[in-house]
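>>> using only what follows, build the 3D model:
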Amino acid sequence: MLPILTVLNMSHHNLSEERDELQKMYSTLQASYKNLREEKDKLSQQYSHLQTTNVNNYKENKELVAELQTLNTILDNDWLYFKGSFYHYCDKERSWEDSRSFCQEQGADLISINNEEEQNFLRVYGGRRWIGLSDRETEGVWEWVDGSSLTLSSWMPGEPNDANDAEDCGEILIFVNESKLNDIPCNKRQSCLCEMKRP
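Residues are numbered from 1 along each chain as shown. Here you go, the predicted model:
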């Protein structure tokens, strides 16, 4: 039989080794726990990012589908495309205000002619048409419905003349080789041209 002191020393030694082993295991578990926490945080961030991306993709997809449907509707209803806008001829005769309302119901407005090239393009329509030009806000100050000022000076000779103080809305007279602007009473009934900026 071993002396009790030897047995106690051996037990102490074994317990010390076990304790050291347990401490190593505890340190390893702590490191694993820390790594798992960091991994979880990264995955949470990635998940949040993916959720945001998914929501944005869904919104973008919805917008693209709506734009495609709009473009299909436009093209199916005889709109013509020219340099960033769609144009539509409305043959029903209405007043200037009713013509504007009709265009707005289509998601458009009466046309605003911003340059000579656009004015020349409109010759495909021919005839007399309402356009989005008026001096109803301030007599003699002609503005387009899009808020821009009139920069073209292609009026019919002697126009605008505000005959009988009653000509506050603009029309375009489209001839074979040119087109000219004219002021007439806003309640006159005639066809119009609508313009829709590309969505």
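>>> and the next element down the chain from the lowest-mean-pLDDT helix or strand in the chain?
Lowest by mean pLDDT, DSSP states H and E among the helices and strands of the chain is helix 4-76, with a mean of 78. Moving toward the C-terminus from helix 4-76, the next helix or strand (DSSP states H and E) is strand 80-82.
>>> that next one pairs with which strands?
According to DSSP bridges, strand 80-82 forms sheet pairs with strand 85-94 (antiparallel).
>>> and the partner strand, how far from the chain's centre?
Put simply, strand 85-94 sits 23 Å off its chain's centre (C-alpha atoms, centre = their mean, to the nearest Å).
>>> and the helix or strand that that strand is followed by, average pLDDT?
The first helix or strand that comes after strand 85-94 along the chain, using DSSP H and E, is helix 96-105. Averaging pLDDT along helix 96-105 yields 96.
>>> and what of stretch 108-118?
What stretch 108-118 shows for mean pLDDT is 93.
>>> what's that stretch in contact with?
82-83, 85-88, 96, 99-100, 103, 119, 122, 130-133, 144-146, 148, 151-152, 154, 172, 192-196 (C-beta atoms under 8 Å, 6 or more residues apart in numbering). Heads up, the C-betas are built off the backbone N, CA and C, glycines and all.
>>> for ChimeraX, what selects the buried ones among these?
Selection of buried members from the contacts of stretch 108-118 for ChimeraX, criterion 16 or more other C-beta atoms under 10 Å:
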select :85,86,87,88,96,99,100,103,119,122,130,131,132,133,144,145,172,192,193,194,195,196
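>>> give me the distance between D183 and G170.
6 Å (C-beta to C-beta, to the nearest Å).
>>> looking at those two, which is more packed in?
Ranked by neighbour count (other C-beta atoms under 10 Å), D183 and G170 place G170 first, with 26 against 22.
>>> checking that one next. Helix, strand or coil?
strand (DSSP: H, G, I helix; E, B strand; the rest coil).
>>> and E97, how close does it get to K188?
Going from E97 to K188 by C-beta to C-beta gives 11 Å.
>>> how many neighbouring residues does K62 have?
10.
>>> please parse this structure into its domains.
Per automatic domain parsing, the structural domains of the chain span 1-76, 80-197.
>>> out of those domains, deepest packed?
domain 80-197 (a mean of 16; mean count of other C-beta atoms under 10 Å).
>>> how many other residues sit next to D78?
9.
>>> quick check: it touching H88?
Yes: between D78 and H88 there is a contact under C-beta atoms under 8 Å: 6.8 Å.
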